[in-house]
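Q: okay, here's the prediction I keep looking at, along with the sequence it came from:
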Amino acid sequence: MTVEAKLSIAGLEKSFVGRKVVSVDRLEIGRHGIEGLIGPNGAGKTTLMGLITRKLKADAGTLIYRPGGTEIDLRQMSMDQVARAGLVKTNQVIQDFETLSIRDSLRLALAPAEREQFWTVFTKRRKRDAVEAEIDEILSHFPFENPNGDARSAGEKKLLDIIRCLLLKPKVLLMDEPTAGLPDDLTRAVMTLVQKKVAEEDLKVFIIEHDLDLIWDYCAHVNFLADGRLLCSGTPQEVKDHPVVVEKYMGVVDV
Amino acid sequence: MAYLYFSLALVAVYIGITLLLHLQFGRVGIVNFGVVGFWGLGMYAHGVFMVTLGLPWLVALLLATLLVGLFALALGALVLRLDGQSVLVATLAFATIVLHLVTTEKWLTGGVVGFGTIEYPFDFGAATEPAYLALILAFVAVVLVYALRLDSSAYGRLLSAIRDNEPLAHGLGKPTFRHKLIFFAVTSAGMGLFGGLSASLNQFLTPNMIAPGVTFTAWIALVLGGKDHPWGAIIGVCATVGLFDVFIETFAPIPADYALLVPNIKLMLYGAFLVVIMLYRPSGVLGGYGRRG
């Protein structure tokens, strides 16, 4: 592989009350279009993503992010700076803005910081056709019951969460269990759109998922995490055949 | 007649601080129980700047507002990362500290003896009081227009997002803490501004004016009218301060023997109002937000 990784992790450690939850010696993300992260419950997958987005502070290790030619040390940054630098994570548990409609919640994602200041309330409002067109375009991929109203069902909220993140135009998108709470056809719609964006834009995706079919279908590269350590990584087939993965995760049933 | 203008000006000041409380609590969810601290600090600062330091009225008002803003900035930087209950306790404590310092630091504030006299900025003879009322109303109008415009602005949307789910907004790249801090500091400075305006209104300041009752009145008014709407603050103040301190005190023919009972009955009715509202219409007369279209 000659492609430079978007994200290089080395010696990353995190403990909660003395228990080491994440201890990743070396992990490079963003050499492949869509990459998977699998592992048993409690393996530290979500914690690892939290460390990358700076929601959690790492105890030790380095996190280097390369959005373009430059290298950024993520350990110097806050969570919102990380997101603005193009490293964005979708949520595992359904998250929503209770009083914002679907469109408003998407406008929020697209609004530039200079329009969201205390005094801009008094400046003249411009019509933002480009923003509305972009929202229309992305909404057209999904069957919202009322795209101009509110997200009501859990599925719509989950979907909205993912769409908001896509509108931020991330360079690296971390997806924490995108299928949890979504019906199968919507998951496929999401993944098809993500695949399209990966092919057309400068976007790399890193997915945590328990739905292994989705991992095998969409991921070019899979990492297996157990007890906070990276046990193996490789193509889906290599990981599928790895004896430890079979034993620890999939059981000895025929897969 | 002069007393009526004083009462109306009092209502206007309450509308001002309740509108600012609507911005803090209704828009962003900051539980400020130290309203009177910011208001009272502004009032005394304005007085001290004017009387002790001999500064012109407008300069004193601006400096008092700035001072309150700086205090709010420092307090906010300390507590706004914490949860609502902690913010409640911290702001309440701040107001208590202001009250105690005003009482004990006699060299600066005159203590319980009082501090004065803070003159009006202008003298139009009989027209002075109405003109001053108009001045206060002009400031109220600015806050009201701001609150109304916020509803349809990108900044208002961001504030709603922070109130609804701050971690989610943070994850979308919004510097939520900085926004909360600036908003809290500016709106608290606004409370200080209305405090400064109240200084000339009261002319003579005593510590009992900055007792917690001011905070509670603003809160009761806001909850009564509907915390999510700018008009809720106005309706709430008119139904509480307006009804008792203007309408009944000025116009109701209460026999002198019973006049002393009015303030107590007022407090009892405030409590009763609040219970009824909480039971039957918890988001106030004007109701809750609902989603924005």
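A: Perfect, I can see it now. Numbers count the residues shown, from 1 in each chain, chains lettered A, B, ... in the order given.
Q: all helices for chain A, in order.
A: Assigned by DSSP state H, chain A shows helices spanning A:45-52, A:79-84, A:102-110, A:129-139, A:154-167, A:184-200, A:212-218, A:236-241, A:243-245.
Q: so can I have a markdown table of the ones you listed showing mean pLDDT and distance to chain B?
A: Any C-beta I mention is one placed from the backbone N, CA and C, and that applies to glycine too. Listed next are the helices of chain A as a markdown table, based on pLDDT from 0 to 100; distance: least, CB to the nearest CB, whole Å:
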| stretch | mean pLDDT | distance to chain B |
| --- | --- | --- |
| helix A:45-52 | 94 | 10 |
| helix A:79-84 | 95 | 3 |
| helix A:102-110 | 94 | 5 |
| helix A:129-139 | 91 | 10 |
| helix A:154-167 | 93 | 6 |
| helix A:184-200 | 91 | 18 |
| helix A:212-218 | 92 | 23 |
| helix A:236-241 | 91 | 29 |
| helix A:243-245 | 85 | 31 |
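Q: mind putting the ones you listed into CSV with mean neighbour count?
A: Formatted as CSV, those follow (neighbours: other CB atoms under 10 Å in any protein chain shown):
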stretch, mean neighbour count
helix A:45-52, 23
helix A:79-84, 20
helix A:102-110, 22
helix A:129-139, 14
helix A:154-167, 22
helix A:184-200, 15
helix A:212-218, 17
helix A:236-241, 16
helix A:243-245, 13
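Q: verify the stated contact: residue B:112 with residue B:205.
A: No. Under the criterion of CB atoms under 8 Å, residue B:112 is not in contact with residue B:205, lying 11.0 Å apart.
Q: for chain B, which residues are neighbours of chain A?
A: Residues of chain B lying close to chain A (CB under 8 Å from any CB of the partner chain) are B:146, B:149-150, B:152-158, B:160-161, B:163-165, B:167-176, B:179, B:182-183, B:186, B:289-293.
Q: tell me which of those fall in helices.
A: Judged by DSSP H, helices contain the following of the residues of chain B next to chain A: B:146, B:149-150, B:154-158, B:160-161, B:163-164, B:167-171, B:176, B:179, B:182-183, B:186.
Q: for the buried ones among those residues, write the corresponding PyMOL selection.
A: The buried residues among these can be selected in PyMOL (16 or more other CB atoms under 10 Å in any protein chain shown) with this line:
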select buried, chain B and resi 146+149+150+154+155+156+157+158+160+161+163+164+168+169+170+171+176+179+183+186
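Q: need the next SSE after the helix or strand bottoming out on mean pLDDT in chain B, C-terminal direction.
A: Across the helices and strands of chain B, mean confidence by mean pLDDT, DSSP states H and E is lowest for helix B:249-251: a mean of 77. Using DSSP states H and E, the helix or strand that follows helix B:249-251 towards the C-terminus is helix B:256-259.
Q: just checking, next helix/strand downstream of that next one?
A: helix B:262-280.
Q: state the mean pLDDT of that next one.
A: For helix B:262-280, mean pLDDT rounds to 84.
Q: ok, now which ones touch residue 180?
A: If you meant another chain, say so; for now it's chain A. Neighbouring residues of residue A:180 by CB atoms under 8 Å, 6 or more residues apart in numbering or on different chains: A:92, A:158, A:210.
Q: oops, wrong one, chain B.
A: B:28, B:30, B:76, B:80, B:162.
Q: name the nearest of the contacts of residue A:180 relative to residue B:222.
A: residue A:158 (34.8 Å; CB to CB).
Q: for residue A:206, see how far away the closest one is.
A: For residue A:158, the distance to residue A:206 (CB to CB, to the nearest Å) stands at 18 Å.
Q: find the nearest non-adjacent residue to the residue in chain B that chain A sits nearest to, please.
A: Nearest to chain A in chain B, going by CB to the nearest CB, is residue B:173, at a distance of 3.5 Å. Spatial nearest neighbour of residue B:173, chain neighbours left out: residue A:83 (3.5 Å); criterion: CB to CB, 6 or more residues apart in numbering or on different chains.
Q: my guess is that neighbour meets residue B:168, correct?
A: No. Counting by CB under 8 Å, residue A:83 sits too far from residue B:168 to count as a contact (10.9 Å).
Q: count of neighbours near residue B:83?
A: By other CB atoms under 10 Å in any protein chain shown, 9 other residues sit near residue B:83.
Q: with the one 3 residues further on instead?
A: As a burial measure, the neighbour count of residue B:86 was computed by other CB under 10 Å and equals 14.
Q: just residue A:234 next, same as before
A: So residue A:234, with other CB under 10 Å, has 14 neighbours.
Q: pLDDT at it, what is it?
A: Residue A:234 is assigned 92 on the pLDDT scale.
Q: show me what it is bridged to.
A: Beta-bridge pairing for residue A:234 (DSSP bridges): residue A:222.
Q: my read: it touches residue A:221, true?
A: Yes. Between residue A:234 and residue A:221 a contact is recorded at 7.1 Å, counting by CB under 8 Å.
Q: before we move on, which element is residue B:189 in?
A: Secondary structure (DSSP H and E) places residue B:189 in helix B:176-202.
Q: now the residue positioned nearest the centre of chain A: closest residue in space, sequence neighbours ignored.
A: For chain A, residue A:174 is the residue whose C-alpha lies nearest the centre (CA atoms, centre = their mean; 1.8 Å). Computed as CB to CB, 6+ apart, the closest residue to residue A:174 that is not its neighbour in sequence is residue A:89, at 4.0 Å.
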